[in-house]
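*Asks:* coords below, sequence missing:
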């Protein structure tokens, strides 16, 4: 089953509750919450207080994407604020197993993320521990970037590994997911589809989410 994860990085923060409700009405089933520290990526975003406020206005799972150095230091605070899923970057975690265990210990679903230049096979030792793997199809740090086509090969490889190893992790993709790419990523094997600008950029979040999800579902049916 494919799911649409609206990314609030591109939402109007002056009307965040309304934006999230509109995206949910359009078929979004998980809210994607980007955390950036200005060190691991060249941008600063939001933290636990904003997540706690968002938790009050939606019952949807909140998918917390930690684009930060030393994510272990923040696991507890985001869990307490109401995060349901937490993904950490392979490139930022020298002790990845320990970090994933810590996330699980605090009641969240753990996931691992890879940047565009990171090989999928480096994740093999950790795949049995994760709820999902997030493939960055742009370089992390900013919304509105163009999709990197090679990401499709990485999604296909993750699908192959899932079958070979008998695992059930899900495959998430983030970056440049829009009307012209969503079918491609679904055909490659992704089933958690993060979309920011394509949902929130023009004040039509409900309609945009609905159209993106329809396109994804059609691609899934055709490739089944």
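*Replies:* Yes, it's here. Every value quoted in this text rests on a predicted model; they were computed, and no experiment measured them.

*Asks:* drop to CA atoms for contacts and neighbour counts, all remaining ones
*Replies:* Will do.

*Asks:* tell me which residues of stretch 2-21 are tucked away?
*Replies:* Residues of stretch 2-21 classed as buried: 2-12, 16-17, 19-20 (neighbour count, 16 or more other Cα atoms under 10 Å).

*Asks:* ditto for stretch 77-94
*Replies:* Applying 16+ other Cα under 10 Å to stretch 77-94 flags 78-79, 81-93 as buried.

*Asks:* Out of those residues, which sit inside strands?
*Replies:* 85, 86, 87, 88, 89 (DSSP state E).

*Asks:* my guess is the fourth one meets residue 109, correct?
*Replies:* Same thing as residue 88. No. Contact criterion Cα atoms under 8 Å: residue 88 and residue 109 do not qualify, at 11.2 Å.

*Asks:* Need the overlap of contacts for those two.
*Replies:* Here residue 88 and residue 109 have no joint contacts, going by Cα atoms under 8 Å, 6 or more residues apart in numbering.

*Asks:* now residue 23: how far from residue 217?
*Replies:* For residue 23, the distance to residue 217 (Cα to Cα, to the nearest Å) stands at 17 Å.

*Asks:* Quick check: of the buried residues of stretch 2-21, which lies closest to residue 160?
*Replies:* If you rank the buried residues of stretch 2-21 by distance to residue 160 using Cα to Cα, residue 2 comes first, at 17.6 Å.

*Asks:* which residue packs closest to that closest one, ignoring adjacent ones?
*Replies:* Nearest residue to residue 2 in three dimensions, chain neighbours excluded: residue 191, at 4.3 Å (Cα to Cα, 6 or more residues apart in numbering).

*Asks:* from what I can see that neighbour touches residue 169, true?
*Replies:* No. Using Cα under 8 Å, residue 191 is not in contact with residue 169, being 10.4 Å away.

*Asks:* Counting neighbours, go ahead and name the busier of the two.
*Replies:* residue 191 (21 against 17; other Cα atoms under 10 Å).

*Asks:* residue contacts, the more buried one?
*Replies:* 1, 2, 3, 170, 171, 172.

*Asks:* So among those, where is pLDDT lowest?
*Replies:* Minimum pLDDT for the contacts of residue 191 is recorded at residue 1 (92).

*Asks:* ok, it - how many residues close by?
*Replies:* Neighbour count for residue 1, taken as other Cα under 10 Å: 10.

*Asks:* how near is it to residue 116?
*Replies:* Residue 1 sits 25 Å away from residue 116, going by Cα to Cα.

*Asks:* show me where this structure has strands.
*Replies:* For the chain, the strands defined by DSSP E cover 3-6, 31-36, 62-67, 85-89, 109-114, 132-136, 170-174, 192-195.
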